[in-house]
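>>> Here is the input, now give the coordinates:
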Amino acid sequence: MKLRMFHWLLLIIVISACQDSTDKFRADNSNSGYYISKSIDKVPSELWKLKTNGSIVSSVLCDKNNVYVGGDDSCFYAINKSTGIENWKIKTEGKIRSTAALDNEFVFFLSYDGFLYKVNRETGKVVWKFKTNGEKQHLIKDYYNNIDFVKDFWDFYQSSPLISNGIIYFGSGHNFYAVDAKSGNKVWTYEAEGSVHSSPAMKDNKIIFGSFDSRVYCLNALTGENFWTYETGRDTTYYVWLGVQASPAIEDDKVYIGSRDALIYCLNLNTGDTLWTNNNFERSWMPSSFAIGNDLYCGSSDGFSFYSIDMNNGTIKKKIKTNSYTFSSPAIDSSIAYIGSANGRLYGIDLNMGEIVWEYRTEGSKSDTLKIYNEKGELDVNRFKEILTTKQVDNYDKLVDFYNNSFKSVGSIVSSPVIDNGVLYFTSFDGYVYAISGE
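Next comes the predicted model:
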């Protein structure tokens, strides 16, 4: 335990010395999800909230002045960190479900219009746009006929860029790209067999990401050469337990990642060999990315839970009910984990006690016009079925409309929160960007 704590403290020191821990999705290039901040250990209060013109599934990004985020209204926003007032926004031609990254005076993000944007973060002026081969949503078998392929509602995210040594790394469609940050010229590209919506992690010039082809890839960051590929479970009968949606997290020479095959994996960074796996997650997708502290921390889909997992062998140490789909990836600090749920609650979880110490409700969850959840945030299965019957949901298009409406109705949180200087920032399907604090 003492050795493990030493490694964790060393990680904190390295992150603190090397970079701002809020300038990238999952905090740093290892995707640790660890933030250096004063903890929020009591019920927080609202500092501000900003309403956009669409749902938001991407996570926020912070610098010392602004909060940056894109939404389903196709706009990318710079919001004053203290007041919540919009400083500027730019309009793209597609939904923005990519969390941005910062480099010098610029912010980079990906849109469903198929472009990677480089924008001056002071003025909002677009410096250049890099055209990819196009974004592609993951396809699944139609639940109703098991023949046609349809766009997967649960494929929420786009890949979020990672910047290292002047190169931007990200996935789009079936491709993974390395692009020069200064010029916007392609350095190299690598083609996978499925959509790449996992956000990369990097160490020792090895770039790691997952794909909806159910594989985890390790490439040479300089050349794009494949070091190794690891294949997780592939359900090609129903196309349900298929795909790596989560983003990898790296510590030492270990890669931690979950898959839609309902397993989590620990892989050797250098060889891709399996170090351990765990499938004790109630046949639930594992789309939530890990945060790394004394243990591994993540959410689950149908497991409706937050987990604390032994990083040495994958054993579940704590399971805490979140009462709904928990695609959100946790942010952690020295004592608290912060994670959102589809029931419109953001939970603060004490890492030592292994229990929820507070919850914060989105505006959508307070009204919940469809009344799918009870006051405790628990899913009312009978009410859920009643609405499906009443609305005559008898095909996949109607089902997607129902899901969209229910997620908006309750203000579902599928984004990952960010904590900075004792303030927690997050987004919701209800279209709000929130800033809350325990002060």
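>>> Tell me what Tyr373 is bridged to.
Leu379 (DSSP bridges).
>>> How confident was the prediction at it?
We have a pLDDT of 93 for Tyr373.
>>> Just give the number of residues close to Lys371.
13 (other CB atoms under 10 Å). Bear in mind the C-beta positions are built from the backbone N, C-alpha and C, glycine included.
>>> Isn't it up against Arg383?
Yes: with contact defined as CB atoms under 8 Å, Lys371 reaches Arg383; the gap is 6.2 Å.
>>> Tell me where the stretch 301-439 of the chain has helices.
Along the stretch 301-439 of the chain, counting by DSSP state H, counting those that start in this stretch, helices occupy 363-367, 381-390, 396-410.
>>> How many neighbouring residues does the closest residue to Phe130 other than its chain neighbours have?
In this structure, Phe130 finds its nearest non-sequential neighbour in Leu116, 4.2 Å apart by CB to CB, 6 or more residues apart in numbering. Residues lying near Leu116 (other CB under 10 Å) number 22.
>>> before we move on, what about Ile387?
Around Ile387 there are 17 residues (other CB under 10 Å).
>>> which ones are touching it?
Leu370, Ile372, Val393, Phe402, Ser406 (CB atoms under 8 Å, 6 or more residues apart in numbering).
>>> Could you measure from it over to Thr322?
22 Å (CB to CB, to the nearest Å).
>>> Ok, Gln158 next?
24 Å.
>>> Looking at those two now, which is surrounded by more residues?
Using other CB under 10 Å as the criterion, Gln158 and Thr322 rank with Gln158 on top: 29 against 24.
>>> Can you tell me the element that one falls in?
Using DSSP states H and E, Gln158 maps to neither a helix nor a strand.
>>> Hmm, it is touching Asp113, no?
No: here Gln158 does not reach Asp113: they are 11.1 Å apart, not a contact under CB under 8 Å.
>>> Mind listing the shared neighbours of those two?
Going by CB under 8 Å, 6+ apart, residues that sit against Gln158 and also against Asp113 are Glu135.
>>> In CSV, list the contacts of Ile387 along with distance to Asp350 and neighbour count.
Shown next, in CSV, are the contacts of Ile387 (distance: CB to CB, whole Å; neighbours: other CB atoms under 10 Å):
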residue, distance to Asp350, neighbour count
Leu370, 32, 18
Ile372, 28, 21
Val393, 39, 17
Phe402, 36, 17
Ser406, 30, 20
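>>> farthest-separated two in these?
Farthest-apart pair in the contacts of Ile387 is Ile372 and Val393; separation 13.4 Å (CB to CB).
>>> now the contacts of Ile387 in JSON lines, with distance to Gly348?
Formatted as JSON lines, the contacts of Ile387 follow (distance: CB to CB, whole Å):
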{"residue": "Leu370", "distance to Gly348": "26"}
{"residue": "Ile372", "distance to Gly348": "23"}
{"residue": "Val393", "distance to Gly348": "35"}
{"residue": "Phe402", "distance to Gly348": "30"}
{"residue": "Ser406", "distance to Gly348": "25"}
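>>> out of the residues you listed, who's nearest Pro248?
Closest to Pro248, out of all of these and judged by CB to CB, is Ser406, at 30.4 Å.
>>> Cross-check the contact I'm expecting between that closest one and Leu370.
Yes: counting by CB under 8 Å, Leu370 is a contact partner of Ser406 at 5.5 Å.
>>> so what's Leu10 scoring on pLDDT?
44.
>>> Kindly report the same for the one 10 residues further on.
In this prediction, Asp20 carries a pLDDT score of 45.
>>> Of all the residues in stretch 281-291, which ones are buried?
Phe281, Ser284, Trp285, Met286, Pro287, Ser288, Ser289, Phe290, Ala291 (16 or more other CB atoms under 10 Å).
>>> how distant is that stretch from the center of its chain?
For stretch 281-291, the separation from the chain centroid amounts to 12 Å (computed by CA atoms, centre = their mean, to the nearest Å).
>>> Same question for stretch 116-130.
The answer for stretch 116-130 is 23 Å, by CA atoms, centre = their mean.
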